[in-house]
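**Student:** below: sequence and its predicted model.
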Amino acid sequence: MLKTLVRWSAAAVGGILVLGAVTWYTTLPDEDPRGTWTAPAYGLALRISALRAEVFRITPVSCFRENHFPAHYGLVKIASGATISTNKDGIELRLDSALEPIRFTTSDLPTECDDPEHRDGGVQHTFDVFWHAMDHHYPFFEVHGVNWKAQKSLAPETNTVGEAELAKRLRDAVAGLDDGHVQLSMGEQGTFSPERVPNWLKTAPALTHDRLWDTALNEADIVVQKVKNIPIRYGIRADGIGYIAIKEMEVQAGLNQSSYDATVQAFAKVAEALQNADALVVDVRYNPGGADNVSMALAGFFTDRTQDIFQKMAWKKPKYSEPFTARLTPSSDLVLTQPTMLLTSELTGSAAEIFTLAMRELPNVTVMGSRTSGGLSDMMELTLPNGWTLGLSSQNYVSMDGEEFEAIGIPPDIEIPQDGGALLLGSDRVLEQTVQSIRNLILNPAE
């Protein structure tokens, strides 16, 4: 399953701060940011001098400098949609696509940073860095039933082991983690994720992402309308039911425009067109994710009040960071308050699950379909010593009632299983039953 996510990589953080072929605006830090700063929960460190800034990725057995740049460019000129600020407690880096900031506090660099170049120390060192990164930042081994300590026995016995064998051992190590955010990119050895395909999709491998959406839009029985700059399709049925298909949580923002504001601007057209619909179906069954701020902007069209909806925290063994509380606010004066059915499936992932977390808290929303994928966390990404990359889930999202969903998925209020065989024949039974439920319970309730 495709997962488009926020990636907390040292290279990405460096890319945010370094001057590149993008549009920039100037934002001066509040105070002098020179010094050494670490964000242990994210495995990141910054070292800033008057002329130079460096970004490090840290594990218990390694410290690699993944980016460096002139400080006067990197810290004064920040990419559109990202800001850096300093205060008495440290540095905060805010990314446009993320809900919470990365917080850095002043700290010495670990001794492993004394020789911080990315050097390939052999397959044993690569496996060691991989194992420790997972051990310190992946909190869900127990949920998946994986004994991570035992997986260390897969470490190469000597450095004579070849790349193909190393790749096999890495794949074997993460086997059993049904998590689309655990990803290995291994050069000529290909990419790998241990995430399992839902059973209904196994029986119907011809059901591509595009084919699934085409079937849903055909079953919706609407004149399909497109939305500029965001992958949304919508329309209103002859019976007064509005249908909205949100294919991804992505938006094309304008110059110096945040993804949140761009989403609000784009979706306003949909809200206006469907404001008089008797009921709504919002479909994110095949939405793999994207940016959390897009999710929050969309969910904000379905509420007229501000409320706390969930908390998230990052893991560094043996504990989580202080929780960040996400707050949903109205996105517009034009609010869609009519009865709304939100459709989810095992292919609803990442930022689409954040959208589901927000929507399920609203009184006018009922979640129907199947449990979501259980891949809510942003993805931490790091480069291994041999140049391969590892992605992993490092955060936990918890409802305000304390319910956890990572590796489990968000359950629907009303379960309607996906039917792969019917979908192959062009019949969308989930949407069909949802529309019938709206007719029976809302449009034509029994006397």
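**Tutor:** Nice, thanks for sending it over.

**Student:** tell me how many other residues crowd the residue lying closest to I408 once chain neighbours are set aside.
**Tutor:** Spatial nearest neighbour of I408, excluding adjacent residues (Cβ to Cβ, 6 or more residues apart in numbering): G374 at 5.0 Å. Any C-beta I mention is one placed from the backbone N, CA and C, and that applies to glycine too. Other residues within reach of G374, judged by other Cβ atoms under 10 Å, total 24.

**Student:** need the contact list for G374.
**Tutor:** 178-179, 353, 405-410 (Cβ atoms under 8 Å, 6 or more residues apart in numbering).

**Student:** low-scoring pLDDT stretches of this protein, where are they?
**Tutor:** Within the chain, the stretches with pLDDT under 70 are 1-31, 71-82, 116, 446-447.

**Student:** do a quick rundown of the helices in it.
**Tutor:** If DSSP state H is used as the criterion, the helices of the chain fall at 10-17, 71-74, 123-137, 141-144, 148-151, 163-174, 199-202, 209-220, 259-274, 292-299, 351-359, 420-424, 429-438.

**Student:** ok, which of the ones you listed comes nearest G187?
**Tutor:** helix 163-174 (7.5 Å; Cβ to Cβ).

**Student:** chain center to the closest one, what's the gap?
**Tutor:** Here helix 163-174 is found 25 Å from its chain centre; the criterion is Cα atoms, centre = their mean, to the nearest Å.

**Student:** go through it and flag the buried ones.
**Tutor:** The neighbour-count check on helix 163-174 (16 or more other Cβ atoms under 10 Å) flags 166-167, 169-171, 173-174 as buried.

**Student:** show residues contacting that helix.
**Tutor:** Applying Cβ under 8 Å, 6+ apart, the contact partners of helix 163-174 are 123, 126-127, 130-131, 134, 151, 154-156, 161, 182, 184, 186-190, 192, 194, 386.

**Student:** would you mind checking these for buried ones?
**Tutor:** The neighbour count (16+ other Cβ under 10 Å) marks 123, 126-127, 130-131, 134, 151, 155-156, 161, 182, 184, 186, 189, 192, 194, 386 as buried among the contacts of helix 163-174.

**Student:** ok, P323 to M313 distance?
**Tutor:** Distance of P323 to M313, computed by Cβ to Cβ, to the nearest Å: 5 Å.

**Student:** now do the shared contacts for the two.
**Tutor:** Contacts common to P323 and M313, judged by Cβ under 8 Å, 6+ apart, are V398.

**Student:** so which of the contacts of G374 sit within strands?
**Tutor:** Residues of those located in strands (DSSP state E): none.

**Student:** which strand residues bridge the nearest residue to K226 once chain neighbours are set aside?
**Tutor:** Nearest non-adjacent residue to K226, counting by Cβ to Cβ, 6+ apart: R233, 6.2 Å away. Counting by DSSP bridges, R233 is bridged to K226, A245.

**Student:** thought R233 was touching V223?
**Tutor:** No: the criterion here is Cβ atoms under 8 Å, and R233 misses it with V223 at 10.5 Å.

**Student:** quick one, which of these two is more surrounded?
**Tutor:** For R233 versus V223, neighbours defined as other Cβ under 10 Å are more numerous around R233 (20 against 9).

**Student:** ok, that one to G242 distance?
**Tutor:** According to Cβ to Cβ, R233 and G242 sit 12 Å apart.

**Student:** just S373 next, same as before
**Tutor:** With the distance defined as Cβ to Cβ, S373 ends up 26 Å from G242.

**Student:** of these two, who's got more company?
**Tutor:** Remark: of S373 and G242, S373 carries more neighbours, 30 against 24, as counted by other Cβ under 10 Å.

**Student:** which residues sit against stretch 255-270?
**Tutor:** The contact list for stretch 255-270 (Cβ under 8 Å, 6+ apart) reads 23, 25, 80-81, 96-97, 227-230, 232, 234, 244, 251-254, 291, 293-294, 296-298, 300-301, 331-332, 334.

**Student:** give the buried residues for it.
**Tutor:** Of the residues in stretch 255-270, 257-267, 269-270 count as buried by neighbour count, 16+ other Cβ under 10 Å.

**Student:** how about stretch 366-375?
**Tutor:** Neighbour counts over stretch 366-375 (16+ other Cβ under 10 Å) mark 366-375 as buried.

**Student:** distance from it to the middle of the chain?
**Tutor:** Centroid separation for stretch 366-375 versus its chain: 16 Å, with Cα atoms, centre = their mean.

**Student:** swap in stretch 151-161?
**Tutor:** Centroid separation for stretch 151-161 versus its chain: 32 Å, with Cα atoms, centre = their mean.

**Student:** kindly export that stretch (C-alpha atoms) in CSV.
**Tutor:** Output in CSV follows, covering the C-alpha atoms of stretch 151-161 (Å, rounded to 0.1, in the frame of the first residue of the first chain):
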residue,chain,number,x,y,z
GLN,A,151,16.0,-10.7,15.7
LYS,A,152,19.6,-9.6,16.6
SER,A,153,20.6,-13.2,15.9
LEU,A,154,20.2,-12.4,12.2
ALA,A,155,23.2,-10.2,12.3
PRO,A,156,25.9,-11.2,9.8
GLU,A,157,28.7,-13.3,11.3
THR,A,158,31.4,-11.6,9.2
ASN,A,159,31.8,-8.7,6.9
THR,A,160,32.1,-11.1,4.0
VAL,A,161,28.4,-11.5,3.7
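
**Student:** nothing else from me, thank you.
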